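> sequence unknown, structure follows:
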């Protein structure tokens, strides 16, 4: 190879190396000056938790100065909330909890997450609290017991219960107290870990207490009230926080904030696990499979129903679902479909609509995971319309003339094949039948069947006022 070409390749390699070094240095410098703002919007669920945890882990790998977790949530699943809290507590990068924008809230599960962050901040006109756990699965929700009992003094849960129901009532109350006490201990530990008001945190669980931004700062529940991102960064500058790897002093000078939005997978899972969407998929699945069972070989209803039902079951597995509500919905759909084949004159269908309505209302009652009441009422009205249509069809069928068998031949028109006085043959439905008559008929005369005896039809002459049939 000529020397000139070697020199050119060497220069090109050097330029490429310098560009790579400059790009890496710029990226490292940009990472040092930019912090992510992770949006925790909507209900706290598995998809949301995976998104937040992945972003916190990415920030730890990149050694980001800190992370802003912007919170606006009505609550969600305890399991997902605990996963997010554990990720925050294990983070070596400070996580700044910020309830924003104005009008946002960190309710229920959001309160635990905010108290777990290294610095808690709120925008004006925002709230937090109402962190009492909600029972799922149809269990009776006893009131939280916020009385402090004396050590060694046992409470008689079965005091007013009958012998038959006392054990169940006592177990329900004991289970409820265990849930509340566990939540109180957990939220107190989070508040004490960050040096915040643990007594108020306990009241947020026991009595569903809530606070506004300014009151929360005055009661040492949060540290900062900031109306904007710029105010937040100014208040954070120079603050020292304790992380899993020691104390970190925040320096927010020349820091830029980069909003982080969920990827397409998280958005799709969020849509699928939306309670209203999951409910509609469940209904489509049941109706589709029922239609396929009633009309085997149609294929399309079965395929759509199967895909919808599997997707709905996946969504329900990621949601707090009352199995009693789901069973009532399935029973309601089957009863409405059964009305089309069992002539109960609306009894089965009416029971199905009632089961469908109550099952829909019972399906889930966790904050942020409730099904739209408008959708429930719409589905119930649609089922009522289907039921009315079925009953109307039954009523119409009872008054419809029989069109098959010997009864179906009575009143039908026919034509004489030849002249005859008492017996002969006629054309009826394209077939030659033996006929009897009381009056003579002529060839091609129009006749009408008055009765049928075996394979013989009794006919009479067709009146001029009667139309051909």
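Perfect, thanks for sending it. Note that the structure is predicted; figures quoted are calculated from it, not measured.
> Double-check residue 426 against residue 414; I have them as touching.
Yes - with contact taken as Cβ atoms under 8 Å, residue 426 and residue 414 are classed as touching, separated by 4.3 Å. Heads up, the C-betas are built off the backbone N, CA and C, glycines and all.
> Common neighbours of the two, please.
433, 435, 447, 457, 459 (Cβ atoms under 8 Å, 6 or more residues apart in numbering).
> Assign a three-state SS to the first one, would you?
Spelled out, it's residue 433. Recorded secondary structure, residue 433: strand (DSSP: H, G, I helix; E, B strand; the rest coil).
> Same question for the fourth one.
For residue 457, the assignment made with three-state DSSP gives strand.
> Residues in a beta bridge with it, which ones?
Beta bridges link residue 457 to residue 435, residue 452 when assigned by DSSP bridges.
> Next up, the contacts around it.
By Cβ under 8 Å, 6+ apart, the neighbours of residue 457 are 409, 414, 426, 428, 433-436, 449, 451.
> same thing with the first one?
With contacts defined as Cβ under 8 Å, 6+ apart, residue 433 is in contact with 414, 425-427, 455-457.
> follow-up on the earlier one: kindly reformat the shared contacts of residue 426 and residue 414 as a markdown table and extend each row with pLDDT.
Shown next, in a markdown table, are the shared contacts of residue 426 and residue 414 (pLDDT from 0 to 100):
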| residue | pLDDT |
| --- | --- |
| 433 | 92 |
| 435 | 93 |
| 447 | 92 |
| 457 | 92 |
| 459 | 92 |
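> Local confidence estimate at residue 381?
Looking at residue 381, its pLDDT stands at 84.
> quick one on the thing from earlier: show me which of the contacts of residue 433 are buried.
Among these, those classed as buried by neighbour count (16 or more other Cβ atoms under 10 Å) are 414, 426-427, 457.
> Show only the entries of those found in strands.
414, 426-427, 457 (DSSP state E).
> which residues does the residue of the chain positioned farthest from its centre contact?
Distance to the chain centre peaks in the chain at residue 421, reaching 77.9 Å (criterion: Cα atoms, centre = their mean). Neighbour list for residue 421: 437, 440 [criterion: Cβ under 8 Å, 6+ apart].
> How much space separates it from residue 435?
The spacing between residue 421 and residue 435, counted by Cβ to Cβ, to the nearest Å, is 12 Å.
> Tell me where the stretch 51-200 of the chain has strands.
With strands called from DSSP state E, counting those that start in this stretch, the stretch 51-200 of the chain shows them at 67-72, 95-99, 105-107, 119-122, 127-129.
> For my notes, please list the ones you listed in CSV and give mean pLDDT, distance to residue 396 and mean neighbour count for each entry.
Output for these, formatted as CSV (pLDDT from 0 to 100; distance: least, Cβ to Cβ, whole Å; neighbours: other Cβ atoms under 10 Å):
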stretch, mean pLDDT, distance to residue 396, mean neighbour count
strand 67-72, 96, 55, 25
strand 95-99, 97, 61, 27
strand 105-107, 94, 54, 25
strand 119-122, 97, 64, 26
strand 127-129, 95, 58, 25
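> Among these, which comes closest to residue 39?
strand 67-72 (5.4 Å; Cβ to Cβ).
> Any chance you could list what contacts the closest one?
Contacts of strand 67-72 (Cβ under 8 Å, 6+ apart): 35-42, 52, 55-56, 59, 88, 91, 93-101, 104-106, 110, 113-114, 117, 229, 232, 257.
> May I have the strands that pair with it, each with its orientation?
Here, using DSSP bridges, strand 67-72 pairs with strand 34-41 (parallel), strand 95-99 (parallel).
> which stretch among these comes nearest residue 189?
Closest to residue 189 of the strands paired with strand 67-72, according to Cβ to Cβ: strand 95-99, at 16.5 Å.
> Nearest to residue 283, out of the strands paired with strand 67-72?
Going through those one by one, with Cβ to Cβ as the measure, strand 34-41 comes closest at 27.0 Å.
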